[in-house]
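Participant: Fold the following.
(chains A and B)
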Amino acid sequence: MTEAASPSVIEWERVSFSYGAVEALQDVSLCIHYGELAAVMGPNGSGKSTLIKLALGLLQPDSGRVRLFGRDVKDFDQWGRVGYMPQVGTGAWRDFPATVSEVVSLGTYSGVSPLGIFRRSERADVLAAIETVGMTAYRSRRLAELSVGQQQRVLLARALVRNPDLLVLDEPAAGVDVSGEEQLYAVLRDLNRDRGIAIVIVSHDIGAMLREATTVACLNCRLVLHGQPHDLTVDEMSTLYGAPVDVLIHDKAHEFEGALHRHR
Amino acid sequence: MPAILQYEFMLRALAGGILVGVLAPVLGTFVVLRRLSLIADTLAHVALMGVAIGLASRFLPTLVALFAATAGAIVVEQLRARGRLPGDVALAVVLYGSLAVAVVVIGAAGGFNVDLFSFLFGSILSVAPLDLWLLAALAVVVLLFVALFFVDLAQMAFDEDLARVSGVRTDWLNLALAVLTGATITLSMRVVGVLLIGAMLVIPVLVGLRLARGLRAAMATAVLAGVLSAAAGLTLAFYGDLSAGGSIVLTALLLLVLANLWARWQLWRRTTAA
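Facilitator: Down below sits the predicted model:
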């Protein structure tokens, strides 16, 4: 399939994957298109992160195919079109001596480079990416000296520095306070709407995902639900999470504002 | 001219020490940041097995050790990369397996002798011109490798998955890093000794991490600490008739204590100023 014939950025076609005897994904078919801000949700162990790792070529499926921009991920080599932001854990990179600028510079990687000396245009891209996430004042600080929320924004800048067409984020707001979360999603909204970057977010944060995403895919080893956030019903979400769920609709600026709360 | 510089063997030891002081921290920076410090000890024990086989068979112990360390590096990396064993377990299996073979071979060959002791603990008398040439050639290869692939190696040290998604060929870079680390350990044995070479890959790097801001600055500081430890340690060994390896590593440890004190002092100054 050629890229021109397919508007998809990621396509999982009948994908199955197991960790030894433990089945993580079973016969999952899903497509993410240009311009989407897609949320991948599901309970712990539902295969969310596995799905993303398959899309990024970090794992190979037991069966089925994964395509990135229309090409089989095994043959994909245009990694500059993909920005990836892994989950930040508490204490991550505690000893890593790199400054914010250095970490973001690492994202400009484009092959062999003597001592990592970057061209002037790359340095401008680094500064622009740091500014996009609002971390200019911190660019000379060591990554280890920043809060988890600030580290998340640095990793987002790193993912953005090559102006990708696709951004993949794993739990981007984990460990981030409310104002940090709002800043992060504001940046993501701008990137998706203004620059047209397709964004895939893996998250446990049901409320934020239903508020921010244009499409939602719910996994539980299989693809259980897939559609627009307002298509999802309370019963479907309750079944997925194995606990009763309420949907509270807020009348805010975005086209859909939802928050789900568990019954106590 | 100081007495230390009037002896050819001492000049060779100093040149070898300085080369080790550069090489070990350069590779050690990536080893430590990837939390694979045990790899240095593991490959050192594999090299010891090679030395034991070489001494027992009377065939160039350094060459046999180099071959063994290269093969050991490939085995460790394959075990780690294929996920058959967790990283630290793979290292432990290879470490104890090699040590067991070394002990058996040493026992069968009639026990410890002076040659073996010089490999175990380092000796300023034992650095031969061939050792120096091999170390110098390795230094050229390692510095070229790190200079060309600095960004790739930094990305791998930061996060291996991120590096792979950025298009870094982590499989062969990991292998190259392991093989070069094995070669560095083997060729450094004459100066520092098998049992202490791991310290030269780790301690100067910790000094760099305490003092410097930025990855390149940390590596440069680690190299400075490595060279200073080697030069001062060998000088101590010469004048005090001490073990070369022990003196070098104790000097490096002293630098680490001073670096920690300096870092604490800086933190205290910032806290009180705020």
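
Participant: Please count neighbours and contacts with C-alpha atoms only from this point.
Facilitator: Fine.

Participant: Identify, by residue count, the longest helix of the chain.
Facilitator: As the question left the chain open, I've gone with chain A. Ranked by residue count under DSSP state H, the longest helix found in chain A is helix A:178-194.

Participant: ah, no, chain B please
Facilitator: helix B:244-273.

Participant: tell me which residues in it are buried?
Facilitator: B:244-253, B:255-256, B:259-260 (16 or more other C-alpha atoms under 10 Å in any protein chain shown).

Participant: got it, and stretch B:19-36?
Facilitator: Applying 16+ other C-alpha under 10 Å to stretch B:19-36 flags B:19-34 as buried.

Participant: how about the spatially most central residue of chain A, phi and psi?
Facilitator: Among the residues of chain A, the one closest to the centroid is A:Leu169, at 1.9 Å (C-alpha atoms, centre = their mean). Dihedral pair for A:Leu169: phi -120, psi 130, per degrees, to the nearest 10.

Participant: ok so, going back, which one of the buried residues of stretch B:19-36 sits closest to chain A?
Facilitator: Distance to chain A across the buried residues of stretch B:19-36 (C-alpha to the nearest C-alpha) is lowest for B:Leu33, with 6.6 Å.

Participant: residues in contact with that closest one?
Facilitator: A:95-96, B:157-158 (C-alpha atoms under 8 Å, 6 or more residues apart in numbering or on different chains).

Participant: and the longest helix of chain B, what other elements does it pack with?
Facilitator: helix B:114-121, helix B:170-192, helix B:197-211, helix B:215-240 (3 or more C-alpha pairs under 8 Å, 6 or more residues apart in numbering or on different chains; DSSP states H and E).

Participant: what distance separates it from the middle of the whole chain?
Facilitator: 20 Å (C-alpha atoms, centre = their mean, to the nearest Å).

Participant: Tell me what angle it forms with helix B:197-211.
Facilitator: Angle, helix B:244-273 to helix B:197-211, by axes from the mean of the first three to the mean of the last three C-alpha atoms, to 10 degrees: 20 degrees.

Participant: Could I get the average pLDDT for helix B:244-273?
Facilitator: Averaged over helix B:244-273, pLDDT sits at 91.

Participant: where does the spatially closest residue to B:Phe238 that is not a sequence neighbour fall, phi/psi-wise?
Facilitator: Excluding its sequence neighbours, the residue lying closest to B:Phe238 (C-alpha to C-alpha, 6 or more residues apart in numbering or on different chains) is B:Ile4, at 7.1 Å. The phi/psi pair for B:Ile4 (degrees, to the nearest 10) reads phi -60, psi -30.

Participant: Same check on A:Val168?
Facilitator: phi -120, psi 120.

Participant: for A:Val28, same thing?
Facilitator: phi -90, psi 130.

Participant: Where in chain B is the helix or strand with the lowest mean pLDDT?
Facilitator: Every helix and strand in chain B was compared by mean pLDDT, DSSP states H and E; the lowest is helix B:114-121, with a mean of 77.

Participant: which residues touch that one?
Facilitator: B:48, B:51-52, B:55, B:126, B:189-190, B:192-196, B:243-246.

Participant: swap in stretch B:65-72?
Facilitator: So stretch B:65-72 is in contact with B:43-44, B:46-51, B:54, B:94, B:178-180, B:182-183, B:186-187, going by C-alpha under 8 Å, 6+ apart.

Participant: follow-up on the earlier one: please identify which two of the buried residues of stretch B:19-36 are farthest apart in space.
Facilitator: Greatest spatial distance in the buried residues of stretch B:19-36: B:Leu19 and B:Arg34, 23.3 Å, computed using C-alpha to C-alpha.

Participant: how about the strands of the stretch 151-264 of chain A, start to end?
Facilitator: For the stretch 151-264 of chain A, applying DSSP state E, counting those that start in this stretch gives strands covering A:166-170, A:198-202, A:215-220, A:222-227, A:245-249, A:258-262.

Participant: Would you single out the least confident of these?
Facilitator: strand A:258-262 has the lowest average pLDDT among these, namely a mean of 40.
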